[in-house]
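Undergrad: Okay, sequence plus prediction incoming.
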Amino acid sequence: MRMVGFVSWESGTGQNTAAVNLAMGLTQRNWRVMLVNLNRSMRLFHWLKSDGSGEELYFDHIYSSAGGIDFVYPAADIKVTLETSFYDFAILNIGNEVVYCEEGIRSSDLIIACTRLHSPSECLHLLDLQSKIQKYRPNNQGLDLLLPMQIHSGEWAVNSQRLFELAEAFGDDKIGDYLPHCERIHDLYLQKKFVWNIPQPAIIDAFDRMVARVEQLI
């Protein structure tokens with residue numbers, strides 16, 4: 001099983017959106033996918049749960065979503081939760097509290113950091129996040145991919161400057177294609193839908209490239 005971990009240095013980066021839609025994209029490519037939520041946000045539960053599954057969350061219970069993604073909120077050891085399961089991918093939604101998610105970092109074969117490119121100190125925060133992650137990964141390994149999320153088309157000058165800074169610090173090969181922002185994407189969890197349900201080819205293409213990039217890296 002290949003494990004992909006999502007982290008961020010702040011909340012609101014679109015990490016939930018990226019993790020859920022990566023899981024959906026891999027599922028559509030006929031991979032068996034488990035989404036493991038470590039940040040305890042209830043948004044994913046309400047987004048993915050089937051209408052008849054009830055409102056109460058049970059830890060370590062493996063839920064099945066209407067879209068074909070299985071998901072779980074582990075109570076303790078991730079590997080214990082997954083060791084009897086047969087999946088091709090586990091998407092670990094780790095969050096920005098790295099100190100509480102050491103096991104998620106250690107378990108991940110690939111670490112993706114989501115970023116909005118909004119802060120002038122974006123690069124410094126991500127370098128600090130990487131230094132924390134390196135403590136838990138073999139061979140001092142850091143971030144494998146930076147995923148620019150929620151990019152606004154009217155802010156190209158700022159976006160370009162932030163991307164240049166990140167490329168200088170982490171290398172061009174670690175910068176993913178940007179994923180655009182719009183209200184339709186923001187409200188997907190309310191509608192229990194995915195980006196492939198949005199009739200906008202440019203958005204679908206962007207997320208398809210994200211899925212293909214992860215397949216290539218891992």
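TA: Noted; the coordinates are in hand.

Undergrad: ends of stretch 145-158, how far apart?
TA: 20 Å (Cα to Cα, to the nearest Å).

Undergrad: Which parts of this structure are strands?
TA: 2-8, 33-37, 63-64, 70-72, 89-95, 110-115, 145-148 (DSSP state E).

Undergrad: and the third one, what does it pack onto?
TA: If contacts are counted by 3 or more Cβ pairs under 8 Å, 6 or more residues apart in numbering; DSSP states H and E, strand 63-64 sits against strand 70-72. From N, CA and C alone the C-beta is placed, and that goes for glycine too.

Undergrad: Quick one: mean pLDDT over stretch 123-139.
TA: Mean pLDDT, computed over stretch 123-139, is 93.

Undergrad: To clarify, my last question referred to stretch 94-101.
TA: 70.

Undergrad: Please work out how many residues are found near Asn93.
TA: A count of nearby residues for Asn93, using other Cβ atoms under 10 Å, gives 28.

Undergrad: wait, doesn't it sit right on Val36?
TA: Yes: contact criterion Cβ atoms under 8 Å: Asn93 and Val36 qualify, at 6.8 Å.

Undergrad: Just the C-alpha atoms of the longest helix seen in the chain, please, in PDB.
TA: If you go by DSSP state H, the chain has its longest helix at helix 201-217. The C-alpha coordinates for helix 201-217 follow below in PDB (Å, rounded to 0.1, in the frame of the first residue of the first chain):
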ATOM      1  CA  PRO A 201     -12.800  21.700 -18.100                       C
ATOM      2  CA  ALA A 202     -10.000  23.900 -16.900                       C
ATOM      3  CA  ILE A 203     -10.600  22.900 -13.300                       C
ATOM      4  CA  ILE A 204     -11.000  19.200 -14.100                       C
ATOM      5  CA  ASP A 205      -7.800  19.300 -16.100                       C
ATOM      6  CA  ALA A 206      -5.900  20.900 -13.200                       C
ATOM      7  CA  PHE A 207      -7.000  18.200 -10.700                       C
ATOM      8  CA  ASP A 208      -6.400  15.500 -13.300                       C
ATOM      9  CA  ARG A 209      -2.800  16.700 -13.500                       C
ATOM     10  CA  MET A 210      -2.500  16.600  -9.700                       C
ATOM     11  CA  VAL A 211      -3.600  12.900  -9.700                       C
ATOM     12  CA  ALA A 212      -1.200  12.100 -12.500                       C
ATOM     13  CA  ARG A 213       1.600  13.800 -10.700                       C
ATOM     14  CA  VAL A 214       1.100  11.800  -7.500                       C
ATOM     15  CA  GLU A 215       0.900   8.500  -9.500                       C
ATOM     16  CA  GLN A 216       4.200   9.500 -11.200                       C
ATOM     17  CA  LEU A 217       6.000  10.400  -7.900                       C
END
